[in-house]
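Trainee: Provided below are the primary sequence and the corresponding predicted coordinates.
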Amino acid sequence: LVTPNLHEAAAVCSHKITNREDMEQAAREIVGKTGGAVLVKGGHLADCADDLLFDGTGMHWLPAPRIDNPNTHGTGCTLSSAIACGLAQGVSLVDSVKRAKRYLTACIDFRLNLGHGSGPLQHRIADWENWHA
């Protein structure tokens, strides 16, 4: 599984990615190049933070609201680590990504505010499995 954000996916595909259709096209191209699954992360979309998982056979949209929080340092690392944890527990790829996305969104929504600039996430979310946007 590769997990590019919109800018990284655009660099791989050599075209801009600004909407869901562009994300689907990029996902197909990346899977064609890698032979593996891809999670195109939509955190830089204008109106939402929807992600797209494509495993070569099915497109799985993971919707999430855009949360007004400048403290998002480490979101990519947190997401990939959470996905890896699910996979290590024997959870399917799709369910691991869904769980990780829910966890990450809850971490961002906590709105921890430390330091200056783009601060860190709050990783210790007790009830993340029941979090709803």
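Mentor: Thanks, I have it. It should be emphasised that the depicted structure is a prediction, and the values quoted were computed from it without experimental measurement.
Trainee: list the beta-bridge partners for the residue most central in space within the chain.
Mentor: With distances taken as CA atoms, centre = their mean, the chain has Lys41 as the residue nearest its mean C-alpha position (4.3 Å). Lys41 has these beta-bridge partners by DSSP bridges: Asn5.
Trainee: show me what contacts it?
Mentor: Listed by CB atoms under 8 Å, 6 or more residues apart in numbering, the contact set of Lys41 reads 3-6, 51, 76, 79. The C-beta positions use only the backbone N, C-alpha and C, and glycine is treated the same way.
Trainee: may I ask which two of those are separated the most?
Mentor: Leu6 and Leu79 (14.1 Å; CB to CB).
Trainee: show me where the chain has its helices.
Mentor: Assigned by DSSP state H, the helices in the chain fall at 6-13, 20-34, 75-88, 93-109.
Trainee: any idea of the angle the last one forms with helix 75-88?
Mentor: Read that as helix 93-109. 140 degrees (axes from the mean of the first three to the mean of the last three CA atoms, to 10 degrees).
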